[in-house]
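Asker: Provided below are the primary sequence and the corresponding predicted coordinates.
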Amino acid sequence: MVAIAALTGVLAFGFTRNPKEVRSPLVNLPAPGFSVTELNTGVPLSLAQLKGTPFLLNFWASWCAACRDEAHLLETAHRRWGKDAKKFRVVGIAVQDKLEDARKFARRFGKTYYLALDNSTGDIFMNYGVYGVPESFFVDANGVIRYKKIGALTQAVIEEQVPALMGTGPKPKAGD
Amino acid sequence: MQTTNAGWTAGWTAGIALLLFAFLAGASFAQSEKTLQERVQEITRQLRCPTCQALSVKDSEASFSKQIRGKVRRMVEEGQSEEDIKAYFVSRYGEWILMAPSKKGLGLVFWLLPVAALFLAGGLIGYRLYHNSRKYHKETPEDAGPALSEKQRAMISSDLKMYEEDE
């Protein structure tokens, strides 16, 4: 009876969990280093250069449908909070994409924030434990990942996380 | 003439030695390559494809899995151990990336649970059998006396005699 009760309890707890939500072990840990070059200008950017600046690191691809849904939200966040690049930045890294396709996507959705390609071996997406695209990491000024969003971003998530990173909003709940 | 013959012999010998060396070197390279490939397959068999349903990185043709296979291959070539490579992926993706739970911490509970369930079931069945056996013996105590009375025995003997006479 005890065993049956314990098994029922475990199963009941399991049904309350969302199997698609896998908490990242990287949350509250320093963001893995990366080094990329901008899609159009070739301007290099590394994690070290972002020290002292909170940023939203978005993994995307031109072939990804959900990335189209969140494209305008990222651009809005960049224009709203990223006027001063020392206070906040949006950085997009395209994974498993072709340079020309990524450029076309950026033009089509009017992206003006920093965009780059992952390297051909996919080291950056693996270092960040990316399951698929889109995925976004909210990194604070100390380079610590504070929140990870699997799937398309929402307005609510951005409005909760970005001010918290910038120190102008309340502390948000834990991430995915 | 002797010099020419000696030159030919030396040339043939050198040629054969070169071919033999190339063959052995090739075989050795193929052997090490196979071992490397086997190690990569062994490790990727234990890693879950991030974009698939219940498929290992080894068995998946998803582009993410292909890149993970490449990463594992590079790490093996760098001399990293299987445990190091698995630890790298667990540190990025969590225990979820492993096809089977690790044999420590909470993972150990999942490994031991089926064994514990088997022991529990065996214990319950054993207890039930032992309990029933005891109950049966209690219902038929040894000092309960003969099952048949003298009168009944006499009746049986008499019946049997009747049959014997008929035959």
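Answerer: Okay, I see it.
Asker: once you drop chain neighbours, what's closest to B:K71?
Answerer: A:M126 (5.7 Å; Cβ to Cβ, 6 or more residues apart in numbering or on different chains). Glycine gets a C-beta too; all of them are placed from N, C-alpha and C.
Asker: how many neighbours does residue 167 have?
Answerer: Going with chain A. When neighbours are counted by other Cβ atoms under 10 Å in any protein chain shown, A:G167 registers 10.
Asker: chain B was what I was after
Answerer: Neighbours of B:E167 under the rule other Cβ under 10 Å: 4.
Asker: and for A:Q155?
Answerer: The burial count for A:Q155: 12, using other Cβ under 10 Å.
Asker: what about A:R146, which helix or strand?
Answerer: Element membership for A:R146, per DSSP states H and E: strand A:145-150.
Asker: quick one: the residue nearest the centre of chain B from chain A, how far?
Answerer: Among the residues of chain B, B:A100 comes closest to the average C-alpha position under Cα atoms, centre = their mean, at 12.0 Å. Relative to chain A, B:A100 is positioned 16 Å away (Cβ to the nearest Cβ, to the nearest Å).
Asker: name the helix or strand for that residue, please.
Answerer: Short version: B:A100 belongs to no helix or strand, going by DSSP H and E.
Asker: cool, A:F105 as well?
Answerer: Assigned by DSSP H and E, A:F105 falls within helix A:99-108.
Asker: that helix: which residues count as buried?
Answerer: Using 16 or more other Cβ atoms under 10 Å in any protein chain shown as the test for burial, helix A:99-108 gives A:A102, A:R103, A:F105, A:A106.
Asker: now the first one: closest residue in space that isn't a chain neighbour?
Answerer: Taking Cβ to Cβ, 6+ apart, and ignoring the residues beside it in sequence, A:A102 has A:A94 as its nearest neighbour in space, at 4.4 Å.
Asker: close to chain B: what parts of chain A are there?
Answerer: Counting by Cβ under 8 Å from any Cβ of the partner chain, the residues of chain A close to chain B are A:3, A:22-26, A:96, A:121-123, A:125-132.
Asker: what subset of those residues is buried?
Answerer: A:22, A:24-26, A:96, A:122-123, A:125-132.
Asker: which parts of chain A are strands?
Answerer: With strands called from DSSP state E, chain A shows them at A:35-37, A:44-46, A:55-60, A:89-94, A:114-117, A:135-139, A:145-150.
Asker: can you list the ones you listed in JSON lines and add mean pLDDT?
Answerer: JSON lines is the format used below for the strands of chain A (pLDDT from 0 to 100):
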{"stretch": "strand A:35-37", "mean pLDDT": "97"}
{"stretch": "strand A:44-46", "mean pLDDT": "97"}
{"stretch": "strand A:55-60", "mean pLDDT": "98"}
{"stretch": "strand A:89-94", "mean pLDDT": "98"}
{"stretch": "strand A:114-117", "mean pLDDT": "97"}
{"stretch": "strand A:135-139", "mean pLDDT": "97"}
{"stretch": "strand A:145-150", "mean pLDDT": "96"}
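Asker: now those in JSON lines, with mean neighbour count?
Answerer: Formatted as JSON lines, the strands of chain A follow (neighbours: other Cβ atoms under 10 Å in any protein chain shown):
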{"stretch": "strand A:35-37", "mean neighbour count": "16"}
{"stretch": "strand A:44-46", "mean neighbour count": "13"}
{"stretch": "strand A:55-60", "mean neighbour count": "25"}
{"stretch": "strand A:89-94", "mean neighbour count": "25"}
{"stretch": "strand A:114-117", "mean neighbour count": "22"}
{"stretch": "strand A:135-139", "mean neighbour count": "25"}
{"stretch": "strand A:145-150", "mean neighbour count": "21"}
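Asker: in a markdown table: the ones you listed, plus distance to B:L47.
Answerer: Listed next are the strands of chain A as a markdown table, based on distance: least, Cβ to Cβ, whole Å:
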| stretch | distance to B:L47 |
| --- | --- |
| strand A:35-37 | 26 |
| strand A:44-46 | 28 |
| strand A:55-60 | 19 |
| strand A:89-94 | 22 |
| strand A:114-117 | 25 |
| strand A:135-139 | 18 |
| strand A:145-150 | 19 |
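Asker: low-scoring pLDDT stretches of the chain, where are they?
Answerer: Answering for chain A, as no chain was given. A:1-4, A:6-22, A:173-176 (pLDDT under 70).
Asker: think we crossed wires, I meant chain B
Answerer: B:1-10, B:21-34, B:105-111, B:136-146.
Asker: ok so, going back, out of the buried ones among the residues of chain A next to chain B, what pair is the most spread apart?
Answerer: Within these, A:P25 and A:Q96 form the most distant pair, 22.8 Å apart (Cβ to Cβ).
Asker: quick revisit: who are the packing partners of the helix holding A:F105?
Answerer: Applying 3 or more Cβ pairs under 8 Å, 6 or more residues apart in numbering or on different chains; DSSP states H and E, one finds that helix A:99-108 contacts strand A:114-117.
Asker: contacts for the strand it packs on?
Answerer: Under the contact criterion Cβ atoms under 8 Å, 6 or more residues apart in numbering or on different chains, strand A:114-117 has outside partners A:36-40, A:43, A:45, A:89-94, A:97, A:99, A:102, A:106.
Asker: just give me the longest helix of chain A.
Answerer: helix A:65-81 (DSSP state H).
Asker: what angle separates that helix from helix A:99-108?
Answerer: Put simply, helix A:65-81 runs at 60 degrees to helix A:99-108, going by axes from the mean of the first three to the mean of the last three Cα atoms, to 10 degrees.
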